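Visitor: just to be clear, the model below is a prediction. Sequence and coordinates:
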Amino acid sequence: MIGLIAIVIILLTGLIFAPELSAHKGYILVSFDNYTTYETTIINAVFIAIIFYFLLLALEWLLRKVLSMSSLTRGWFGQRKTRKAQKNSLLGSLALLEGNTKQAQKLLSKSADRSESPALTYIAAARASHKNGEFNKRDDYLQLASEYPKSKLAAGLVWVELQLDAKQYENALVTLTNLNQNFPRNKQVIEHYIALYPAMNEWQKLITLLNNKRKLLTLNATQVADLELHAHQQLFQQLAAESGQLLNDYWHKDLARWMRKELSYQKAVLEAFIDNDHGKLAQEFLLDKLQRQLSLPLLPYLQKIKVTDHYPIITFLEKQLKKSAHADYIHQALAHLKIKEEHPKAAIEHLTESLKTLPNVKDYELIASLLEEQEMQEQANQYYREGLAFASSSI
């Protein structure tokens, strides 16, 4: 309705003013620098302006079409590159699993930017580079992966894993330290520390870690206990290699009381003393433990200790013979000490007593050889026969 009224008004206006305009057409002159360039009536100028306006609209429409086609073309090429990148990412991952690491590295590195998960693709490319021995490229890919949102921890953990595999322990320590600062309660970080410290022979740091991060460990109680014991065994060896007194001080001053009561830790200290030729300290340590409690599993260490004077331990054991319920084990220990003291007859007497209730093949062979040295061949043969009979019955 409004449109119809507008048309009627325009027509009436034209009827009223058209004759006037046709009688007085007006005049337009366009001139530049005293030269007449163009002249026409106002009506013609209006028509020209209208035509020019519609030409501009047509040109605008044409430009829009051209630009729209260009945008579509760019979009098509972009989608094609993305599809190709995703395809190469998949092929690269399969090549990595198949062991074709050269091809995997090539496909993954080129497709990472446009892949569906760029961080994961860069990590896969890093694994391929690592297997190819190209550690610098591996590090570059992992650095790129860590720059993507929420990928720093994952990339860092893989980085440490690969550095450990390449025995780049110092680099792994730097990476782990950075991760621990940003993710102090991450369990996988702790697991990597547990793998790294033994490789670097940092046993004290491992022990400290086990004590401070116990709640974050993924190991069960038995595994933690075994790892803790192993760490202390290695630490004892380190300390003993440097100084026997250093180990002795650590045992009495720094080790937990419950550990000092544990037989496994006592054995570890004895082994460290013996392995590093600290016989006197080993004998003093063993004598102290036996005086507190006659622990039978510690007696065999008497055979391994190298000292020139066995008198203190022999005196102690001879006193124990009168009151201990394990006289057979004491006789056995005294026999070996007497051999070291070059008292074969006394050794034979102790072995004779121990074999009555504690028979074993090695002691039968030992007493037989001692009897042969004493030119008591008949008795020696008797013990050889008893030893063979015992061995046969034990099979």
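Guide: Okay, I see it.

Visitor: counting neighbours, which bits of the helix or strand encompassing residue 367 end up buried?
Guide: Residue 367 is located in helix 361-373, with elements delineated by DSSP states H and E. Residues of helix 361-373 classed as buried: 363, 364, 366, 367, 368, 370, 371 (neighbour count, 16 or more other Cβ atoms under 10 Å). No exception for glycine: its C-beta is placed from N, CA and C like everyone else's.

Visitor: same check, this time on stretch 244-258
Guide: 244, 247, 248, 250, 251, 255.

Visitor: who's in contact with the helix or strand where residue 382 lies?
Guide: Assigned by DSSP H and E, residue 382 belongs to helix 377-394. By Cβ atoms under 8 Å, 6 or more residues apart in numbering, the surrounding residues in contact with helix 377-394 are 355, 359, 360, 361, 364, 365, 367, 368, 369, 371, 372.

Visitor: so what are the domain limits for the chain?
Guide: 80-143, 149-214, 219-307, 316-395 (automatic domain parsing).

Visitor: can I get those domains in TSV including mean pLDDT and distance to residue 61?
Guide: Formatted as TSV, these follow (pLDDT from 0 to 100; distance: least, Cβ to Cβ, whole Å):
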stretch	mean pLDDT	distance to residue 61
domain 80-143	86	29
domain 149-214	95	43
domain 219-307	94	73
domain 316-395	89	104
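
Visitor: dump those domains to a markdown table, plus distance to residue 65.
Guide: Supplementary listing: the domains of the chain in a markdown table, determined by distance: least, Cβ to Cβ, whole Å:
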| stretch | distance to residue 65 |
| --- | --- |
| domain 80-143 | 23 |
| domain 149-214 | 39 |
| domain 219-307 | 69 |
| domain 316-395 | 99 |
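
Visitor: now the strands for the stretch 1-150 of the chain?
Guide: Using DSSP state E, counting those that start in this stretch, the strands of the stretch 1-150 of the chain run over 28-32, 35-40.

Visitor: counting contacts, what elements does the helix holding residue 367 pack onto?
Guide: helix 327-340, helix 344-357, helix 377-394 (3 or more Cβ pairs under 8 Å, 6 or more residues apart in numbering; DSSP states H and E).

Visitor: rewinding a little: for the helix holding residue 382, list the C-alpha coordinates in PDB.
Guide: What follows is helix 377-394, C-alpha atoms only, in PDB (Å, rounded to 0.1, in the frame of the first residue of the first chain):
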ATOM      1  CA  GLN A 377      93.600 -91.200  55.600                       C
ATOM      2  CA  GLU A 378      91.200 -93.800  57.000                       C
ATOM      3  CA  GLN A 379      89.200 -91.200  58.900                       C
ATOM      4  CA  ALA A 380      89.300 -88.900  55.900                       C
ATOM      5  CA  ASN A 381      87.900 -91.700  53.700                       C
ATOM      6  CA  GLN A 382      85.200 -92.200  56.200                       C
ATOM      7  CA  TYR A 383      84.100 -88.600  56.000                       C
ATOM      8  CA  TYR A 384      84.300 -88.700  52.200                       C
ATOM      9  CA  ARG A 385      81.900 -91.600  52.200                       C
ATOM     10  CA  GLU A 386      79.500 -89.900  54.700                       C
ATOM     11  CA  GLY A 387      79.600 -86.800  52.600                       C
ATOM     12  CA  LEU A 388      78.700 -88.800  49.400                       C
ATOM     13  CA  ALA A 389      75.900 -90.600  51.300                       C
ATOM     14  CA  PHE A 390      74.500 -87.300  52.500                       C
ATOM     15  CA  ALA A 391      74.700 -85.700  49.100                       C
ATOM     16  CA  SER A 392      72.900 -88.700  47.600                       C
ATOM     17  CA  SER A 393      70.100 -88.600  50.200                       C
ATOM     18  CA  SER A 394      69.700 -84.900  49.600                       C
END
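
Visitor: can you map out the helices along the stretch 201-350 of the chain?
Guide: Using DSSP state H, counting those that start in this stretch, the helices found in the stretch 201-350 of the chain span residues 203-212, 221-242, 244-253, 257-261, 263-275, 279-292, 311-321, 327-340, 344-357.

Visitor: and the ones you listed, which is most packed in?
Guide: When the helices of the stretch 201-350 of the chain are scored by mean count of other Cβ atoms under 10 Å, the highest mean neighbour count falls to helix 327-340 (a mean of 21).

Visitor: show me how far that helix is from its chain's centre.
Guide: Averaging C-alpha positions (Cα atoms, centre = their mean, to the nearest Å) puts helix 327-340 49 Å from its chain's average.

Visitor: dump the helices and strands packed on helix 361-373 into JSON lines; add distance to residue 282 as well.
Guide: What follows is the helices and strands packed on helix 361-373, written out as JSON lines (distance: least, Cβ to Cβ, whole Å):
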{"stretch": "helix 327-340", "distance to residue 282": "14"}
{"stretch": "helix 344-357", "distance to residue 282": "21"}
{"stretch": "helix 377-394", "distance to residue 282": "30"}
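
Visitor: separation between residue 279 and residue 252?
Guide: Distance, residue 279 to residue 252, by Cβ to Cβ, to the nearest Å: 19 Å.

Visitor: kindly report the same for residue 146.
Guide: For residue 146, the distance to residue 252 - Cβ to Cβ - is 47 Å.

Visitor: for residue 365, same thing?
Guide: Going from residue 365 to residue 252 by Cβ to Cβ gives 40 Å.

Visitor: in contact with residue 198, which residues are there?
Guide: Contact analysis of residue 198 by Cβ under 8 Å, 6+ apart lists 206, 231, 234.

Visitor: hmm, try it at 7 Å
Guide: residue 206 (Cβ atoms under 7 Å, 6 or more residues apart in numbering).
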